[in-house]
Every structure is written in C-alpha cells, then in structure tokens.
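> Give me a 3D structure for the following:
(chains A and B)
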Amino acid sequence: MPVEIPKDSWPGAVNTVTLGATGDQGGSRTSTVTIGGERSLPFMHFESPMPHRPAIAMEIAPARPADWSAVLLEAWGATADDPGSWARACEEAGADLILLQFGLKGSGDEPVSADFAVAAVKAVLGSTGLPLVVVGPGQAEVDNSILVPIADATKGERLVLGLCEEGNYRTLVAAAMANDHLVLGKTPMDVNLAKQLNILMSDMGLGRDRVVMDPTTAALGYGIEYGYSVMERLRLAALQGDGMTQFPILVTPGAEAWKAKESKVGEGTPAEWGEWRQRGMNWEALTAVSLVEAGAHVVVLRHPESLRRVRAAIDELMASETA
Amino acid sequence: MSEGREIPVAVYAAQFDSLAEPVAVDAGELIVDAARRGGVQIQQPCGGQGRCGRCAVRVESGRVRRRSLLRLSPTDLAAGYALACQTVVEGDIAIVVPPPERIERRLTTDHVAPEVAVPEGYDAGRSQSVRRVVLRLVPPSMDDQRDDWARLETTLRRAAGVERLQASLEQVRGLGAVLRASGWEVAVTFDTGREQDDAARLIRVQGAAEAAGRPLCGLAVDIGTTTVTAWLADLATGRVLQQAAEYNQQISRGEDVISRIIYAGKGAGGAELRDLVLDTINGLVAAACGQAGVDPDDVVKATVSGNSTMMHLLLGIPPESIRREPFVTAMNHLPLLRAGEVGIAMHSDGVVDPLPGVASYVGADITAGALAAGLHAAPQTTLFIDVGTNGETVLGSAEWLVACACSAGPAFEGAGIEHGMRADRGAIEEVWIDGRTYEPTCRVIGRARARGICGSGLISLVAEMFLTGILDKAGRIDATLGTPRVRTGPHGAEYVVAWAGETESGEDVVITTVDIDNLVRAKAAIYAGFTVLADATGVSLDSVDRILIGGSFGKYINVEKAIEIGLFPDKPWDRFDYLGNTSVRGAYLALLDREARAEIARIASAMTYIELSADNSFYEAFTSALFLPHTDLSRFPSVAAATTNGG
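Below you'll find the predicted structure:
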C-alpha cells in the first residue's frame, strides 16, 4: 500500500542573509556565504527545497589562545600564532567563513585595544578571501570600544559584528548600519529574549538581511536539548510568519564542546571513555551535527577534523534532497 | 502672521471667555496658537501632540475642525469640547477654557475608584451581628437568690431573644461589680455569631449611664504584604468614620510572602513578624480612633482580610506549609476570635473575624475582594485583577470562579522603588512628557510639593517615557537624547521627574533603571497571570465582558497608560472599572452585614484555585511579557498604533 507522506506548508520563511561582500559589492572578499531562505523545517526537502546549505565557520583568535585545549593547538600548529596565517589555514582546511573571537587581552597582558583589534581584523581580511564574523569579548563597553573602530575601518565588507546584546545594541547597530555590516545578536537560551532583541534592533531600522542571531546553545551532555528546543521553536515561529524570529541562526558548538570535561580532560578518566583526542573531536562534531539538524545556519567549530566530519554530515543531509 | 500681507486668507474672530476682545485668527490656525497670541494659558503637557487630552476647551459657537477625537467621549463632543492643540478654526468662534482641574476629572481614560458608601438600606438591627441592649435587672434578694450570671442571661433572653451566651472567666470576674455599681441597669454588648444558631459571645457589660451616647464601632482591616489598611466604621449607621493605611512593617523582613515565611521559620522570627504587623495595625487603629474621636474600647468588632500568609503571621500560626509542596495552609476557614488573644488594640473582648481564604496563595483578600467587586453575582464572564504584591486574578461569573496568584512584588504600591511612596499626599500620581523637550508635567496628590511617586504615577511615568522614546521596548533609558533629565546615577541611567527645587525633600525625584526593571517585572507577572489563567480555563480574553481592577493606587488609575505598558489587556477603556482596595471594601461589607460575611464563605468554597507553577506556561508567558508593551505586539494593537504614529 503506498504511503503518502503528509506535507506541511508554512506561511513564513527564514530571512536570506549574505555574509561578506566581494570587490563588485563594495568589499574585498573572494567569496560570500548566503544562508537562510528556508520555508520548512530543516532538511525537509520534500516539503520545500533548502535554498542554502548550512555553513561552517572556523573560530580563530587574534593571538595564540591560552585557554584552548592542547589538542586544538596541536592540530593548528604554528599557524595559530598569528590571525592571518590561522585564517589562511582555515580556508585551506575548507571553512566557509572565519569567526575572529577577541578576548579581554590584546597583545601580551595588555587589555585589548582598538588598534590591536583593527590590526588583527585587517590581517585576517588580507590573508583570506572568506567572509568574516568578528566577536568581542562579550562585555558591552569593551565590545563597543573595539567593534566600532573595526566597523569604521572595514566599511563595505559586510562583516558580521557581535555580540549585540540588550545593553549595547544601539551602538553596534548604528556602527553596522553606517558601514554596511551585519550584526550578530546574542541572547540567553530563550525564545522570547531572542525575539525581543530582534525587535529592538529592527526598531532602529536595521534591515532584515543584516541580522544573524545566536540564541545560545550548550554542548552535548550540558543542556544541548534546551538549546535544540529553543532553536526548533524559533524556526516554528518563523515558519508560522512571526517576522521577529525569522533571522538565520549562528551557534558555537566548538567553543561549547571544548569547554566540556570530556573534551578537556586527558588524564584520570575512565577507560571506557576512549581515546582522548578522538573524544574531543567526537564531542564537537556530535554537538555541531545535532545543532545543524535543529536548524543552525552557521556552526562555529574549532578542530579541522570536526570541520571535515560536520561537512560530510551536511553533505549527506543535503544529498537526501534528491532521494 | 506677517504684517505686510496684502491679501489675507480668511480672517476670523476667536472670542475666548477670559478676554474682552476677540483674537484675529487665520483660517486653518490651531486654537492653541490663537490662544497664545491672545495671552490665554492653555496647558499642553504632552507638547501639543494630542496625546494627553489636557488642553480640551469648549467651543460654544462657530465652526472648527477636530483633527483628532482622541481623549474625547461622545458626551464631551456633544458638549462642544475639542482639543485645542488638534483643532483648527474655520469660522468666528467663541471658546470657553475650563480650569485645568475640571479637565482632570473629566478625562475618559481616568478611572476613579468609587467613594465608599454605606450599603443601600443598611439596617444594623437586621444585618449587624453585634448588638447592644440596655437591661434593667431585678436585684437579688432573699426571695430571689439566682446567681448574677443567670440573672443577666434570663433578662437578656427575654429582652433580645438570646438563647445561649458565652463569656470568659475575666468577664465573669468583673460582672458582679459592674451590676452593683450600675444599680442593676446595664448595657450589654454581644455578638450573635456567624450562624443563626451560634451561641452569642458576650463582649462587654457596662453601666447603662456610662454607655449612653457612646458609639459602637468596628474595624475593617486588610493586611497586604506591602500595605495595611484599616477602616473605622460606626456599626449603628454603617458610616466609615476614618480610613488609614500604612506600609506593613514586616517589609523590613522580606518583600514577598515567601521571604516572610522563611523568616518566620527562623527562631523567634514568627513572633517578631506577628509583633510587626500588630504594631502596624495598632498604629492605624490608634490614628483612626484619634482622628475620629473614638475610644478604642468602643471598637468591639473587627473583620480581617489578607492573603493566607498574612493571616497566618497575624495569628501566630506557623506558615511553613504554605511554601512547601503540596502548598497547604493550616486553616482556611478560621473561627471567631477574641481581640485580646489576637492582639488588636480595641476592646479586648471584642470579636475578631478572620475572613476565609481559598488556598495558600489565594486568601481572604481575594474572596473579600470578589465580594466587593460583585464577581460572585456577575451575569457575564468577568476578570478581576488585584494589582498588588501577589498579583491575584479571578476569572468567572455567578456560575463559576477560578483564581490564581503570581508574585509581582511591591512596585505597584510604591515600595522597593527609589522614590516610591504610597498614594498619599505629595505622591506624583500622573505624568505627561513632552515628546520634543522630554520635560514632564506632574500631577501631585493634594497639590502638594512632590515627595515621591506612587503606583499610578509609576505606571503613567513609564508609559510616557516609553511613548516619547526615552525608553526602548526593553525598558532601557536612551542616554543619547541630550536632555539634562536623563543622566547617570548610582544605579545606572535615571530620569529626573522633579528637580530638587520642586520637591518637599529638596532632592531630585528620579526613576532609575532598576525601578523600571522592577515595574516591568511586576507588570509582566500580572499580565502573565491572567493570560495563563484564561488559557487554562479556555476563556478568550475577548469574551470577557468586564475587567475589574483592585489595588492600592489610591483613588485613581489611568487605564490607557496601564495598557500602554502592557499591564492590562488591550481592550476598550470602558470595559474597565477601578475599584480601589477591594479587600478592605469586602472586609467592610462583612463587618456590617452577616449575610455578606456568609457570602464570602460561599465564595471561598466555590472558588477553584489554579496553581501556576504546575508547568512552564507561566514562565513562558512571563518572559514574553517582559517587554513594553509585550513581545507579541499584535496583542496590543492600540499601543502599536500609538507608537508607530507618534514615532
């Protein structure tokens, strides 16, 4: 007996957002990344084809990070000493885009400064043609002090600037609008809070094609189901036509997974946990693939092997389109 | 007006009532501009944007065109009222500018609590449980050696039909002396109890001469978590002699019921909280009696309302089980008590009647409130919102009643707010802000110098700050507006509502970011409470016929502004009624009328309590309401229209 698969048809769609601008478009990127545009739940190709693949961003830092797992630093080797060479290595490893994450420190023990930050961004833009996401340390005042000069210094590149939060969104949105950039809004794992920040940013006149949201997720075993559920509900609301939930989603499974004890700790763990290096990569890849299935448009990773594995999973999920 | 103009457009004459000569007006000119030129003062608190309605004038004759009818009722229009800032002159006109205080009372959005009135047809002889009768006893003799008590009881039975009379040992000890000193002519005060066949309770025996001309008084008390209110009433006439309110002294030991319960559980905490609330009540009793010239010994009955935790703490009953699953009280329907054992400073043998509650978080304040609001007799579905610390909501009609509660905090009563205060003399109760200059105009209770901001003032202030763009939808102050009114204080950004020179304390009155957060959380809790209650019962808010508002806002709340901040549902203003403190009103009705007291007990038994913490739907509704007016703007179409047109 033939079984007919019921098809949902939704009134709403996720916004289509293009990250980065090429020379023709006013920037200097050699490629851009377009995400979003879906009219169905993730990978329900039979209902509505997914217009764009989920993208993979690789996270780098402006200087060799002190708090990263040795496993990660070993994988990147000396390229991680300098943001330009690190970004180039990411491009060679197959990343779709780069996420440059600033901390509170600049060079050495100095607090991060605007000059330092602008130089790091320029170095990355100069060494790779990929679109770039730039994220501050997450303290409103410090974020503003470096992101505004970065926005001014890179006018037209369609960078994604973050983190835009309830406390600093005015400054960041204004800087992005004045310089033709995008913003990354971040809210603590709650559908309403995500929507509220989107309303506040939109009230300033920021275009719908200029916002990417990070609703916050957690690693496998650390509350991923909450993050998954929030993303799923945001997507359902978006499909039902709620305009303030229709922004594409960027999440950071790399940073979350490598904070987990299972990835970080190499000694004194039970034998059944398996080999440490593999475990960290497994943790990152499993977290990331789960979030891709929840509807992430950009996943930010740290390990090049995870990049390969998540890429393979996305290929498979997208291939089912033709099945 | 250019003097050199050769061909004037039409020029009309506008005659203002306060001027001897008419003012020349160009066709299409606004009434306010004509008035200004003629030197006539018309207040424009909102800066002439047609928002506040305070510039209404009466057009006695002549043609005008009203660009906006906002703030004018059909009655106003029929009487010729027009907003001076929104009305253009199209002919020779005659204008009456009313004094501002008359406009204040006439606004359609202002909802004023009804004055307290003695219930229609109040007859103490029929309704009152307390009675005082004068008896002439036959003195004992060698022929009649009945005991004093039997002599009193028999005479009372004959005179007043009292079958059984209860007395305390203390009363028996004093009886003989009073009987003999009075020459066997005494006034006996007693309470006939709640039910028809209850034994009467002896309150007082005094010499008939001593009692003559002294009033018989009662107290209606509402113990709020934040505010305690007491009304002193004459039981014979039913008239309220004095009203008094004060913050509950327990606030210093925790702002909400949960922290009070925790405090009560520690060592002597329970006894301390009991003393604090008794101090508060007794202070009010002393003040009310003092002002009314009543001897506290002539106060012989009190009805006490309040949430279940407050009732437990007053009576010294450990409230711990209220806070712990499965959340039960010690007793919802309490017996009649003696004032002396409760500790209220009235006649110590007076009767204290604690009104009945429903559950741990829906107490006597709500059952009494439902009675006062007439919810139990409402023909159609009615929503009753008590805008207080515990945010209780009741939905229903004569057929059914469901209730819930949520912790809103004390912000609406002016507590926990930097310059918050009760709705009392000197409280800013209404604010308008000019959308261009960000300058406020305030109305202060008693027309005094500003001392602080009360609940209705806070609602009004936050609504105006939001509508004029000082606040964003998240309730954050925009520090980039370039007005000295917005500045950075010790708690972050703040807005100066009144400069030091305008206040009683000589210090600036401000509202801080923290205050605004508190207020937004409070309004979100209340909004979430009634929306979840409506969802849980499957009742659409659209089908709610009337929305009754209770609360300690004093005399007044501006419904429109409460809608603008997302406290109340966006329904037509005329569906709302502001009832004031419904809990004390209910207690007052029960004080006067045993039938009303019985009705409260019936309400308590019939009301279904819904526990909001049973699932996460309340939390979801709460976070979505933590926004101005709400995350889902489609729920507030009138606010959406006001913010997009004004912006």
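
> how about stretch A:216-227: buried residues?
By neighbour count, with 16 or more other CB atoms under 10 Å in any protein chain shown as the criterion, the buried positions of stretch A:216-227 are A:216-220, A:222, A:224, A:227. In short, each C-beta sits where N, CA and C put it, glycine included.

> how far is that stretch from where the chain is centred?
When distances are taken as CA atoms, centre = their mean, to the nearest Å, stretch A:216-227 is centred 15 Å away from the chain's centroid.

> picking that back up, how about TSV for the buried residues of stretch A:216-227, with distance to A:Asp315 added?
Formatted as TSV, the entries for the buried residues of stretch A:216-227 read as follows, by distance: CB to CB, whole Å:
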residue	distance to A:Asp315
A:Thr216	27
A:Thr217	22
A:Ala218	26
A:Ala219	23
A:Leu220	21
A:Tyr222	27
A:Ile224	22
A:Gly227	24
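
> can you pull out the helices in the stretch 151-300 of chain A?
In order along the chain, the stretch 151-300 of chain A carries the following helices (DSSP state H, counting those that start in this stretch): A:169-179, A:191-203, A:224-239, A:253-257, A:261-264, A:276-294.

> make that the stretch 451-600 of chain B, sorry
Counting by DSSP H, counting those that start in this stretch, residue ranges of the helices within the stretch 451-600 of chain B are B:455-467, B:513-537, B:559-564, B:582-592, B:594-606.

> Point out the one among these that comes closest to chain A.
Between chain A and those, the tightest spacing by CB to the nearest CB is seen for helix B:513-537, at 10.2 Å.

> So for that closest one, what gets flagged as buried?
When burial is assessed from 16+ other CB under 10 Å, helix B:513-537 yields the following buried residues: B:513-534, B:536.

> repeat for stretch A:130-137
A:130-136.

> rewinding a little: nearest to B:Ala345, out of the helices of the stretch 451-600 of chain B?
When these are compared for distance to B:Ala345 using CB to CB, the nearest one is helix B:582-592, at 17.1 Å.

> Please name the residues that touch the residue of the stretch 101-250 of chain A found nearest chain B.
When distances are taken as CB to the nearest CB, the stretch 101-250 of chain A reaches nearest to chain B at A:Asn192, 4.1 Å away. Listed by CB atoms under 8 Å, 6 or more residues apart in numbering or on different chains, the contact set of A:Asn192 reads B:620, B:623-624, B:626-627, B:631.

> And B:Asp365, by the same measure?
Taking CB under 8 Å, 6+ apart, we find B:Asp365 in contact with B:222-224, B:305-307, B:310, B:386, B:388, B:392, B:583, B:586.

> Apply 7 Å and report the result again.
Contacts for B:Asp365 were tallied using CB atoms under 7 Å, 6 or more residues apart in numbering or on different chains; they are B:222, B:305-307, B:583.

> Compare the mean pLDDT across the helices of the stretch 151-300 of chain A and name the weakest.
Here the lowest mean pLDDT among these goes to helix A:261-264, at a mean of 86.

> quick revisit: farthest pair within the contacts of A:Asn192?
Between all members of the contacts of A:Asn192, the longest pairwise span (CB to CB) is found for B:Glu620 and B:Phe627 and amounts to 13.3 Å.

> out of those two, which sits in the more crowded spot?
Set side by side, B:Glu620 and B:Phe627 give different neighbour counts by other CB atoms under 10 Å in any protein chain shown, the larger being at B:Phe627 (23 against 16).

> wait, the more buried one sits on B:Ala474?
Yes - under the criterion of CB atoms under 7 Å, B:Phe627 makes contact with B:Ala474 at 6.5 Å.

> What sits closest to the residue most central in space within chain A if chain neighbours are left out?
Centre of chain A computed as the mean C-alpha position; nearest residue by CA atoms, centre = their mean is A:Leu250, 3.9 Å away. Excluding the flanking residues, the one nearest A:Leu250 by CB to CB, 6 or more residues apart in numbering or on different chains is A:Val298, at 4.1 Å.

> and if you look at B:Gly446?
Leaving aside its chain neighbours, B:Gly446 sits nearest to B:Arg425 (3.9 Å; criterion: CB to CB, 6+ apart).

> And for B:Phe412?
The spatial neighbour of B:Phe412 that comes closest, neighbours along the chain excluded (CB to CB, 6+ apart), is B:Gly455 at 4.2 Å.

> next one: B:Trp231
Excluding its sequence neighbours, the residue lying closest to B:Trp231 (CB to CB, 6+ apart) is B:Ala220, at 4.5 Å.

> Show the contacting residues for that neighbour.
Shown here is B:Ala220, whose contacts under the criterion CB under 7 Å, 6+ apart are B:231, B:233, B:303, B:584, B:587-588, B:591.

> rewinding a little: widest-spaced pair of the buried residues of stretch A:216-227?
Within the buried residues of stretch A:216-227, A:Thr216 and A:Leu220 form the most distant pair, 15.1 Å apart (CB to CB).

> Now do the helices in the stretch 301-450 of chain B.
In the stretch 301-450 of chain B, helices defined by DSSP H, counting those that start in this stretch lie at B:308-315, B:320-323, B:339-342, B:364-373, listed in chain order.

> Break chain B down into its domains, please.
According to the domain assignment given by automatic domain parsing, chain B is divided into the following structural domains: B:11-108, B:125-211, B:217-354, B:366-409+B:520-641, B:411-513.

> now the end-to-end length of the shortest one.
From its first residue to its last, domain B:125-211 covers 18 Å (CA to CA, to the nearest Å).

> Equivalent analysis for the last one, please.
Using CA to CA, the end-to-end distance of domain B:411-513 comes to 13 Å.

> Same question for stretch B:555-570.
The stretch stretch B:555-570 measures 22 Å between its terminal residues, going by CA to CA.

> Please see if it touches chain A.
No - residues of stretch B:555-570 contacting chain A under CB under 7 Å from any CB of the partner chain: none, with a closest distance of 12.3 Å.

> and that stretch, what's its mean pLDDT?
Stretch B:555-570 carries an average pLDDT of 91.

> ok, now stretch B:253-270?
Within the predicted structure, the mean pLDDT of stretch B:253-270 is 93.

> Count the neighbours of A:Thr128 for me.
Using other CB under 10 Å, A:Thr128 has 26 other residues around it.

> hang on, it packs against A:Ala93?
No - contact status for A:Thr128 versus A:Ala93: not in contact, 11.3 Å apart, counting by CB under 7 Å.

> Close to chain B: what parts of chain A are there?
Close to chain B, as judged by CB under 7 Å from any CB, chain A has residues A:166, A:190, A:192-193, A:195-196, A:199-200, A:203.
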